[in-house]
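# Pasted the sequence and its predicted model underneath.
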Amino acid sequence: MAKRLRYYYDEESCTFQEEKITPKSALKTVLSHVSVSGLLACVGMAVYFFLYDDPKSSYLKTQNLELESKISSLNDEMLALEQKIDQLHLEDNRFYRSLMNAEPIDDGNWNGGVGGAVSEPGEPEVLTEAEQRMERLSNKVEIQNQSYAYLFDRINQNKDYLRHLPAVKPVSGEVISGFGMRMHPIKAIRKMHTGIDFTANHNTPVHAAGDGIVRLAGQSRGGYGVQVEVDHGGYGYITKYAHLASTVVQQGEHVKRGQIIGYSGSTGLSKGPHLHYEVIKDGQKIDPIDYFYGDQTPEEYVKLREAAKMDNESMD
């Protein structure tokens with residue numbers, strides 16, 4: 001193979017001269033190639049480290065992603081716990097403390113919690129926030145435990161009162177019409193509906209809402225038809241069960257909560273078979289919807305209240 005010759009242009013002689021390769025020029029050429037190669041290698045490494053993580057960085061990034069996922073999951077669990085304890089608090093204030101004539105837990109005490117957790121220098125903000133939430137949650141749990149202990153103590157002290165309290169539905173039916181101004185189905189005028197109407201087919205068993213003594217059983221005046229009235233001891237409560245088909249108790253008889261006292265019907269001024277139920281406290285007719293804690297879950301009770309609020313036509 002013929003030796004490849006290289007030429008360069010000599011400006012002084014205006015001719016092309018054969019390039020002579022000397023050790024110096026050869027070294028210069030080699031160094032030039034090495035410099036270019038080194039530069040390209042550096043550029044390549046920079047691109048690699050920019051686009052791709054080294055093993056340690058990749059491991060740390062994976063660990064961070066796992067930690068973020070766990071933190072998100074713990075936040076969801078803590079939120080669920082916070083919502084649950086707040087729901088227990090709401091039920092306590094609205095139902096149990098009302099039932100026991102106890103003052104509700106003050107919102108300031110409930111939401112005030114305790115002083116915020118002191119964070120350590122350099123501690124991650126997410127950790128400090130989690131510690132503060134846990135401290136508030138623990139405080140609420142303690143307040144609720146104290147509340148239950150207080151209520152159980154009151155229950156033990158007021159067993160007789162609780163037996164006589166009209167605290168259950170007299171029939172299992174749904175609410176047709178609630179307490180308040182309603183259209184009367186017979187008189188066709190809006191008038192005060194002083195009780196609650198329940199769905200009850202003819203001859204459905206009607207139960208006493210609490211312990212007491214029957215003070216009336218049979219036909220009555222005022223459009224109530226056949227009815228039973230129960231005096232619930234010395235606590236000021238009287239319950240009325242109207243438009244019955246028949247009664248199975250007599251005046252002066254002692255009855256227990258849940259005992260059958262009669263059967264539903266449509267006697268008196270009534271649109272059809274149902275039960276009209278009233279609660280009278282210290283001589284004043286009040287909304288019976290506030291006295292159905294004994295056999296209802298909080299969810300059922302809320303549903304019952306919503307049905308009683310409807311402005312519709314009563315059955316009597």
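On my side now, so go ahead.
# Tell me who's in contact with the closest residue to residue 310 other than its chain neighbours.
Sequence neighbours aside, residue 178 is the residue nearest to residue 310 in space, at 6.8 Å (criterion: CB to CB, 6 or more residues apart in numbering). Every residue, glycine included, has its C-beta placed from N, CA and C. In this structure, residue 178 makes contact with 193, 196, 287, 289, 307, 308, 309, 310, judged by CB atoms under 8 Å, 6 or more residues apart in numbering.
# of all these, which comes closest to residue 162?
Within the contacts of residue 178, the smallest distance to residue 162 is 18.8 Å, found for residue 289 (CB to CB).
# Name the residues of the helix or strand where residue 57 lies that are buried.
Assigned by DSSP states H and E, residue 57 falls within helix 55-91. Residues of helix 55-91 classed as buried by neighbour count (16 or more other CB atoms under 10 Å): 85, 88, 89, 91.
# and if you look at stretch 284-301?
286, 287, 288, 289, 290, 291, 292, 293, 294, 296, 298, 301.
# just stretch 127-140 next, same as before
130, 132, 133, 136, 137, 139, 140.
# gap between that stretch and the chain center?
Distance of stretch 127-140 from its chain centroid, counting by CA atoms, centre = their mean, to the nearest Å, is 19 Å.
# for stretch 147-159, same thing?
25 Å.
# ok, back up a step: now, which of the buried residues of stretch 127-140 lie within helices?
Secondary structure from DSSP state H places 130, 132, 133, 136, 137, 139, 140 of those in helices.
# Output those residues as TSV; include the columns distance to residue 231 and pLDDT.
Putting those into TSV (distance: CB to CB, whole Å; pLDDT from 0 to 100) gives the following:
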residue	distance to residue 231	pLDDT
130	57	77
132	54	82
133	52	81
136	48	83
137	47	82
139	45	85
140	42	84
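# Going by distance to residue 102, which of the residues you listed wins?
residue 140 (18.1 Å).
# Sort out for me which of the buried residues of stretch 284-301 are in strands.
Judged by DSSP state E, the subset of the buried residues of stretch 284-301 located in strands is residue 286.
# Dump the buried residues of stretch 284-301 into TSV; add pLDDT and distance to residue 77 as well.
Listed next are these as TSV, based on pLDDT from 0 to 100; distance: CB to CB, whole Å:
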residue	pLDDT	distance to residue 77
286	93	43
287	92	40
288	92	41
289	89	36
290	83	36
291	86	37
292	84	34
293	69	31
294	67	34
296	73	30
298	73	23
301	75	28
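# So in the protein, which strand runs the longest?
The chain, longest strand under DSSP E: strand 237-247.
# quick one on the thing from earlier: the helix holding residue 57: how far from the chain's middle?
Counting by CA atoms, centre = their mean, helix 55-91 comes out at 19 Å from the chain centroid.
# low-confidence ranges in the stretch 1-150 of the chain?
1-56, 95-96, 98-101, 113-123 (pLDDT under 70).
# Please tabulate the ones in helices among the buried residues of stretch 127-140 in CSV and include distance to residue 103 as additional columns.
As requested, these are arranged in CSV below (distance: CB to CB, whole Å):
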residue, distance to residue 103
130, 33
132, 29
133, 28
136, 23
137, 24
139, 19
140, 18
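# ok, how many other residues are close to residue 269?
With neighbours defined by other CB atoms under 10 Å, the count for residue 269 comes to 18.
# That one and residue 187, how far apart?
8 Å (CB to CB, to the nearest Å).
# mind listing the helices for the stretch 101-250 of the chain?
Counting by DSSP state H, counting those that start in this stretch, residue ranges of the helices within the stretch 101-250 of the chain are 107-112, 125-157, 159-164.
# As TSV, those helices with distance to residue 221 would be great.
Putting these into TSV (distance: least, CB to CB, whole Å) gives the following:
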stretch	distance to residue 221
helix 107-112	48
helix 125-157	39
helix 159-164	27
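# To residue 265, which of those helices lies closest?
helix 159-164 (26.8 Å).
# got a list of contacts for the closest one?
Contacts for helix 159-164 (CB under 8 Å, 6+ apart): 155, 210, 211, 212, 232, 233, 235, 237, 257.
# same check, this time on stretch 184-197
175-183, 223, 240, 242, 269-271, 274-279, 285, 287-289, 308, 313-316.
# Could you pick out which of those are located in strands?
175-177, 180-183, 240, 242, 274-279, 285.
# what's the neighbour count on the closest residue in space to residue 92 that isn't next to it in sequence?
Closest residue to residue 92 apart from its sequence neighbours, by CB to CB, 6+ apart: residue 147 at 5.6 Å. The local packing of residue 147 (other CB under 10 Å) involves 20 other residues.
# Same question for residue 112.
10.
# And for residue 278?
For residue 278, the neighbour count with other CB under 10 Å is 22.
# likewise residue 231?
Residue 231: 17 surrounding residues under other CB under 10 Å.
# Flag every buried residue along stretch 214-221.
In stretch 214-221, counting by 16+ other CB under 10 Å, buried: 214, 216, 217, 220.
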